[in-house]
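A.B. asks: No sequence on hand, only this structure:
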């Protein structure tokens, strides 16, 4: 059973059709590249999958359960198994620690179990997530004084700490220097085959080929192609 | 002019000497107005959040109505609260009339529109990306409201301070609900009105100077919060 199944998903805003009859599935542990030019509907699709917006028509199944169009309580339950990193992430007016631990605190989580079965406190978990994005030692910094690249990586740490089943990334390396982008890429590569599935929206085909097993091509709100990354050729 | 000058000097003497009557009235004013601002704050800030975040029929009209009530005459609120808490009113059994508790209740109602309205404005100023981020990270609706209130804390604090300022400087509710009872419900504004009518200008001016000083302090505090 696929982790995520999107069926005939459409989104219109007024007369404008932003997404048109999208069908796709994502398996557990898979990295799916979502490629398309600016304005092709990548962000809209990610927002619909993250249950932030309601589709105009169509449905979304998560973990075999229909989630679209359900009451907020059910949407929240599904949303808490996902995490999304926005293209231009914003930080709360607080420390890096408060930002990274936000999702956990909203879930009422304090402790977790590490790989050896030991208990990990909130601070340890924050430190671990920051180390994963290469920002160890940033815990006490004011999150609103960081550079664009650092903000992007903190946003990724804020998502990773939740150990989501589905990670939605909207151009996560667009604002990063080549070195930082490469370290994020290797972090994402390490997620392949884990319990976390990733949908990586980008307009960088090279990045898609490097990270994603399959690629979905979006253009003008339509799914133009879906297949193995090495077999896909872009229509533009 | 000489009368005003000598009255001003005498007023400053009363303040400098910490005249017991002046101190007592000032402390009571502070207590009642702070309590009413606090009471209104704990109700109006979440209420403002709910109005801002929920979509419902007539929302725009409700916000317009709240904004209209910013300048509601204090005597009108005084009359309304009087009818509510007088012996034959629906809340008559609570014995709030001519008591500090009644004044707190009345002033809380008076400042509610300002607090709700300014809270709505403050929250509307927080970027929708903050809401989306909180939502995508698994916050419940109430957690999102609390997060946005925290993000807008400076502007929300300004709303509370303005509410406190309005409560402290109003006279209608204090007079009609408190009854201006010496040593019990007499506050700065009602004392100024009474002492002036009795020709005791020195005391009136001393209390007036204190009232203006407090207003100035509130304004300075507001500017400090807003980083100006």
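C.D. replies: Now that the structure is in, tell me what you want to look at. Values in this document were obtained by computation on a predicted structure and should not be read as measured data.

A.B. asks: For residue 85, grab phi and psi.
C.D. replies: Going with chain A. For residue A:85, the backbone dihedrals (degrees, to the nearest 10) come out as phi -110, psi 120.

A.B. asks: Now do the contacts for it.
C.D. replies: Residue A:85 is in contact with A:152, A:155-156, A:158-159, A:167-170, A:172, counting by C-beta atoms under 8 Å, 6 or more residues apart in numbering or on different chains. Using the backbone N, CA and C atoms, a C-beta is placed for each residue, glycine as well.

A.B. asks: so which of these also contact chain B?
C.D. replies: Residues of those in contact with chain B (C-beta under 8 Å from any C-beta of the partner chain): A:158-159.

A.B. asks: how about stretch A:88-104 against chain B, any contact?
C.D. replies: Yes - against chain B, stretch A:88-104 shows contacts by C-beta under 8 Å from any C-beta at A:88-90, A:92-94, A:102-103.

A.B. asks: Just these: which are in helices?
C.D. replies: A:102-103 (DSSP state H).

A.B. asks: Could you save the residues of stretch A:88-104 next to chain B as a markdown table and add columns showing distance to residue B:171, neighbour count and pLDDT?
C.D. replies: Shown next, in a markdown table, are the residues of stretch A:88-104 next to chain B (distance: C-beta to C-beta, whole Å; neighbours: other C-beta atoms under 10 Å in any protein chain shown; pLDDT from 0 to 100):
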| residue | distance to residue B:171 | neighbour count | pLDDT |
| --- | --- | --- | --- |
| A:88 | 51 | 13 | 90 |
| A:89 | 51 | 22 | 93 |
| A:90 | 45 | 21 | 95 |
| A:92 | 42 | 19 | 96 |
| A:93 | 39 | 17 | 94 |
| A:94 | 42 | 16 | 95 |
| A:102 | 46 | 23 | 96 |
| A:103 | 50 | 22 | 96 |
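
A.B. asks: Could you list the buried residues of the helix or strand of chain B with the lowest mean pLDDT?
C.D. replies: One helix or strand of chain B scores below all others by mean pLDDT, DSSP states H and E: helix B:2-16, with a mean of 80. For helix B:2-16, a neighbour-count test (16 or more other C-beta atoms under 10 Å in any protein chain shown) marks B:7-8, B:11, B:14-15 as buried.

A.B. asks: Also stretch A:20-40?
C.D. replies: A:20, A:22, A:24-26, A:28-36, A:40.

A.B. asks: swap in stretch B:24-35?
C.D. replies: Buried residues in stretch B:24-35, counting neighbours by 16+ other C-beta under 10 Å, are found at B:25-26, B:28-29, B:32-33, B:35.

A.B. asks: Quick one: the strands in the chain, in order.
C.D. replies: Answering for chain A, as no chain was given. A:4-13, A:16-26, A:31-35, A:57-62, A:65-66, A:82-85, A:112-113, A:119-120, A:166-170, A:197-202, A:214-219, A:222-228 (DSSP state E).

A.B. asks: Kindly indicate which of the contacts of residue A:85 lies nearest residue B:86.
C.D. replies: Nearest to residue B:86 among the contacts of residue A:85: residue A:158, at 55.6 Å, using C-beta to C-beta.

A.B. asks: and the residue lying closest to that closest one once chain neighbours are set aside, how far is that from chain B?
C.D. replies: Spatial nearest neighbour of residue A:158, chain neighbours left out: residue A:100 (5.0 Å); criterion: C-beta to C-beta, 6 or more residues apart in numbering or on different chains. Here the criterion is C-beta to the nearest C-beta, to the nearest Å. By it, residue A:100 lies 10 Å from chain B.

A.B. asks: tell me what the longest helix along chain B is packed against?
C.D. replies: Using DSSP H to define each element, chain B has its longest helix at helix B:20-53. Contacts defined by 3 or more C-beta pairs under 8 Å, 6 or more residues apart in numbering or on different chains; DSSP states H and E place helix B:20-53 against helix B:59-68, helix B:100-124, helix B:141-151, helix B:153-169, helix B:188-197, helix B:201-225.

A.B. asks: now the angle from that helix to helix B:2-16?
C.D. replies: Relative orientation of helix B:20-53 and helix B:2-16, computed by axes from the mean of the first three to the mean of the last three C-alpha atoms, to 10 degrees: 80 degrees.

A.B. asks: Can you check what angle separates helix B:20-53 from helix B:188-197?
C.D. replies: 130 degrees.

A.B. asks: sorry, back to before: I'd like to know which of the strands of chain A lies nearest to residue B:108.
C.D. replies: strand A:82-85 (41.1 Å).

A.B. asks: partner strands of that closest one, parallel or antiparallel?
C.D. replies: The strands beside strand A:82-85 in its sheet (DSSP bridges) come out as strand A:166-170 (parallel).

A.B. asks: Identify the residue nearest the geometric centre of chain A.
C.D. replies: residue A:168 (1.5 Å; C-alpha atoms, centre = their mean).

A.B. asks: Chain neighbours aside, what residue packs nearest to it?
C.D. replies: Leaving aside its chain neighbours, residue A:168 sits nearest to residue A:84 (4.1 Å; criterion: C-beta to C-beta, 6+ apart).

A.B. asks: shaky segments in chain A?
C.D. replies: Within chain A, the stretches with pLDDT under 70 are A:110-119, A:235-236.

A.B. asks: Hmm, residue A:65 is touching residue A:75, no?
C.D. replies: No - assessed by C-beta atoms under 8 Å, residue A:65 is found out of contact with residue A:75, at 11.3 Å.

A.B. asks: Residues of chain A that sit close to chain B?
C.D. replies: Checking chain A against chain B by C-beta under 8 Å from any C-beta, the hits are A:47, A:50, A:52, A:72, A:76, A:79-80, A:82-84, A:86, A:88-90, A:92-94, A:102-103, A:106-107, A:158-159, A:162.

A.B. asks: try 6 Å
C.D. replies: A:50, A:52, A:79-80, A:84, A:90, A:93, A:102-103, A:106-107 (C-beta under 6 Å from any C-beta of the partner chain).

A.B. asks: before we move on, the earlier item: for the residue nearest to residue A:168, list the residues it contacts.
C.D. replies: By C-beta atoms under 6 Å, 6 or more residues apart in numbering or on different chains, the contact set of residue A:84 is A:50, A:168, B:136.

A.B. asks: ok, those residues vs residue B:204, which is closest?
C.D. replies: residue B:136 (58.7 Å).

A.B. asks: surely the residue nearest to the centre of chain A meets residue A:48?
C.D. replies: No - counting by C-beta atoms under 6 Å, residue A:168 does not reach residue A:48; the two are 10.3 Å apart.

A.B. asks: picking up where we left off before, which among the buried residues of helix B:2-16 gets closest to chain A?
C.D. replies: residue B:15 (40.0 Å; C-beta to the nearest C-beta).
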